[in-house]
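[1] Return a 3D structure for these sequence lines:
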Amino acid sequence: MTRHEERELAFILLFEKLFSEDTIREILKSAGEARDVEENEFALAMAEGAEAHLGELDALISAYSRKWNKDRISRVALSLMRLAVYEMEYEEDIPVSVSINEAVELAKKYGGDEDAPFINGVLGGIA
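    Got it, this is the predicted structure:
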């Protein structure tokens, strides 16, 4: 699995967590059973790390999302920004530009037309 695919899995886990009371680990296990998703330590660590710091991540996202409160941001965009901001704030070995680029690319794949530019702007402000 490439690093991009691992990050994509971490995003999917965070996104699914929005709709589930299960832990990230349980979501990954269920995905493995239902869809043959491979367990991946990087993806698990990123998703669990972001989940552990949701309050701090959401505060940063809200501070740089001018005129948008967290409830108005699409769930895809919110999950991608949570993952990227977690990487930017807590993973020193991942360049900030990589975190931003990955979030924007995943937004193009999973989000609406306005998600990628919005995410780029918010993450650029945080950076």
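
[2] which residues in the protein form helices?
    Remark: helices assigned in the chain by DSSP state H are 3-17, 24-35, 41-52, 54-64, 75-90, 96-110, 115-126.

[3] need the helix or strand of this structure with the lowest average pLDDT.
    helix 24-35 (a mean of 79; mean pLDDT, DSSP states H and E).

[4] Report the buried residues of it.
    24, 27-28, 31 (16 or more other CB atoms under 10 Å). Where C-beta positions appear, they are placed from N, C-alpha and C, glycine not excepted.

[5] Specify the angle between it and helix 41-52 in degrees.
    Helix 24-35 runs at 130 degrees relative to helix 41-52, counting by axes from the mean of the first three to the mean of the last three CA atoms, to 10 degrees.

[6] how about the CA coordinates for helix 24-35, as PDB?
    What follows is helix 24-35, C-alpha atoms only, in PDB (Å, rounded to 0.1, in the frame of the first residue of the first chain):
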ATOM      1  CA  ILE A  24     -11.400   3.500  14.800                       C
ATOM      2  CA  ARG A  25      -9.800   0.100  15.300                       C
ATOM      3  CA  GLU A  26     -13.200  -1.600  15.300                       C
ATOM      4  CA  ILE A  27     -14.200   0.200  12.100                       C
ATOM      5  CA  LEU A  28     -11.000  -1.000  10.400                       C
ATOM      6  CA  LYS A  29     -11.700  -4.500  11.600                       C
ATOM      7  CA  SER A  30     -15.200  -4.400  10.200                       C
ATOM      8  CA  ALA A  31     -14.000  -3.000   6.900                       C
ATOM      9  CA  GLY A  32     -11.500  -5.800   6.700                       C
ATOM     10  CA  GLU A  33     -14.200  -8.400   7.200                       C
ATOM     11  CA  ALA A  34     -16.700  -6.700   4.900                       C
ATOM     12  CA  ARG A  35     -14.500  -5.300   2.100                       C
END
